[in-house]
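*Asks:* structure of the sequence below:
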Amino acid sequence: DATLYFEKAATNAVPEAWTALGWRLASGIGCPKDTKRAVRCYEAAAAQGIAAAKYNLAVRYESGNGVEQDLPKALGYYKEAASGGDMLAQCALGLILLHGECGAKAEPEVGLEWLLKSSRQGYAEAQHKIGIALQHGTGGMKANPRKAVEYYRKAASKEFAR
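*Replies:* The predicted model follows:
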């Protein structure tokens, strides 16, 4: 079973394996669902600098799934994961700062910069959100319907639909 291999790799100092094991435990794929144990796995990987694990912890602390909800802690993990290059975290942080969510004050220009970083990595949701900002001229962006369509097409090319 794959879960056993991830456990073995994790205990043999492969930090990415902690993240993979955490995901399996959180989703219940290939093993019984155990969100508290998943959080411990993410924490082990995050302590070793794995951005994806920090993103997963951010999501958990924002939602209170498997941990007590802690928005400042969630925001800190989003920032660390985004700075570490995780495109999902970059998109999430961009949206948080764009709208002033998760205990952060609204900083639309900074939020859009994070969305652009995520978009440059090819993340369709970020491309879609930039399209919205360009269409409506939000976040300090000047409305530019043609450019908005470009971003919508990028997102759609990855079969992203909202």
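*Asks:* the strands in the protein, which residues?
*Replies:* Using DSSP state E, no strands are found in the chain.
*Asks:* now stretch 41-54: mean pLDDT?
*Replies:* When pLDDT is averaged over stretch 41-54, the result is 94.
*Asks:* contact partners for the residue nearest to Val39 when sequence neighbours are not counted?
*Replies:* Using Cβ to Cβ, 6 or more residues apart in numbering and skipping the chain neighbours, the partner closest in space to Val39 is Gly66 (4.7 Å). Where C-beta positions appear, they are placed from N, C-alpha and C, glycine not excepted. Under the criterion of Cβ atoms under 8 Å, 6 or more residues apart in numbering, the contact list for Gly66 reads Ala26, Thr35, Lys36, Ala38, Val39, Arg60.
*Asks:* ok, 6 Å please
*Replies:* Thr35, Lys36, Val39, Arg60 (Cβ atoms under 6 Å, 6 or more residues apart in numbering).
*Asks:* possible to save the residues you listed as JSON lines with distance to Val149?
*Replies:* Written out in JSON lines, the entries for the contacts of Gly66 read as follows (distance: Cβ to Cβ, whole Å):
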{"residue": "Thr35", "distance to Val149": "41"}
{"residue": "Lys36", "distance to Val149": "45"}
{"residue": "Val39", "distance to Val149": "41"}
{"residue": "Arg60", "distance to Val149": "36"}
